[in-house]
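In: A structural model of the following input is requested.
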Amino acid sequence: RQHAGSRAYGRSAILEKFGGAAKGPAPHLRRSGGAATVKTMLLEWCRARTRGYPNVDVQNFSGSWGSGLAFCALLHSFFPDAFDFGALEPDTRRHNFALAFATA
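Out: As a prediction, this is how the structure comes out:
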């Protein structure tokens, strides 16, 4: 389990990665057109973030994530120094998911 200090550090790292906390009033968000549209947008975002990673082909929210490699690739796209993605294998699901959740 992570300590509160490391969680705060992790939050700071993420905020720094994305340009810091929002400043000023929240912008007015427009409706996306429904859950199906949001799901499609999220899938496209995941596909774009993981494009080019070996053994990762995000096509859906089920089988594409089964080996744990897509989850690892998504995290690695934000934190490339966190672990060696090239050392991961599709048939070591338990290890891949444990690594992804420990990193997240």
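In: CA atoms for contacts and neighbours, from now on please.
Out: Fine.
In: and the host helix or strand of Ala48, what does it pack against?
Out: Ala48 belongs to helix 35-50 when assigned by DSSP states H and E. Under the contact criterion of 3 or more C-alpha pairs under 8 Å, 6 or more residues apart in numbering; DSSP states H and E, helix 35-50 touches helix 69-78.
In: dump the residue contacts of the residue most central in space within the chain.
Out: Central residue of the chain (C-alpha atoms, centre = their mean): Leu74, 3.8 Å from the mean position. Contacts for Leu74 (C-alpha atoms under 8 Å, 6 or more residues apart in numbering) come out as 46, 49-50.
In: on the pLDDT front, check it for me.
Out: At Leu74, the pLDDT value in this model is 98.
In: quick one: which of the contacts of Leu74 has the most company?
Out: The member of the contacts of Leu74 surrounded by the most neighbours (other C-alpha atoms under 10 Å) is Thr50, with 22 neighbours in all.
In: for that residue, give me its contacts.
Out: Residues near Thr50 by C-alpha under 8 Å, 6+ apart: 56-58, 70, 73-74, 77.
In: out of those residues, which comes closest to Val38?
Out: Closest approach between the contacts of Thr50 and Val38, by C-alpha to C-alpha: Val58, at 16.0 Å.
In: list the contacts of the closest one.
Out: 43, 46-47, 50, 64-65, 70.
In: right, I'll call it a day here.
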